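>>> Provided below are the primary sequence and the corresponding predicted coordinates.
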Amino acid sequence: LKVVAVGGAGYHSTLLRCFVRHLGAKSPEWLGYLRFLLVPLGTHPVAQYLGSVDGRYGAAFLDPPWRELFGRSEPPPTEPFNVVGRILSYVAGAGATHLLPVAEAMLTCKHKFPDEDSYQKFVPFVGVSLA
């Protein structure tokens, strides 16, 4: 099952958090059936890594027209290229899977007032190395 996630880094982080919370630990058999295809909107470190290991991905989503279109604060008056067509072409041809490690970091958070107890929060992340 291909799950296409179109959005920025914040949206992909939220999706990853839901995935880890609901499917990661409770239903590990699902992991072999799901393939997430990330379509970046704006600056995205995981997309930069994917573009470095997959030339087709980089050509589709990291070229200057794509970055310029989604790096603007206001939408352009006309679409400079077929965005939907580019995404559909990538999804149709996405046969290779790049396994990215998903991990969780445990953060200990303290409240503003010293008499309140600290608490722990688990934050999932994708482990990629950008050199």
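Nice, thanks for sending it over.

>>> looking at this protein, which helix or strand is least sure?
Lowest mean confidence among the helices and strands of the chain (mean pLDDT, DSSP states H and E): strand 119-126, at a mean of 70.

>>> what helices or strands is the helix or strand where residue 48 lies leaning on?
Residue 48 belongs to helix 45-53 when assigned by DSSP states H and E. Packed against helix 45-53 by the contact rule (3 or more CB pairs under 8 Å, 6 or more residues apart in numbering; DSSP states H and E) you find helix 9-19, strand 35-40, helix 55-61. To be clear about C-beta, it is placed using only N, CA and C from the backbone, and glycine gets the same treatment.

>>> What is the first one packed up against?
Just to be clear, that refers to helix 9-19. Helix 9-19 packs on strand 2-7, strand 35-40, helix 45-53, strand 119-126, going by 3+ CB pairs under 8 Å, 6+ apart.

>>> Out of the ones you listed, which is closest to residue 21?
Residue 21 lies closest to strand 119-126 among these, at 8.1 Å (CB to CB).

>>> Nothing else from me, thank you.
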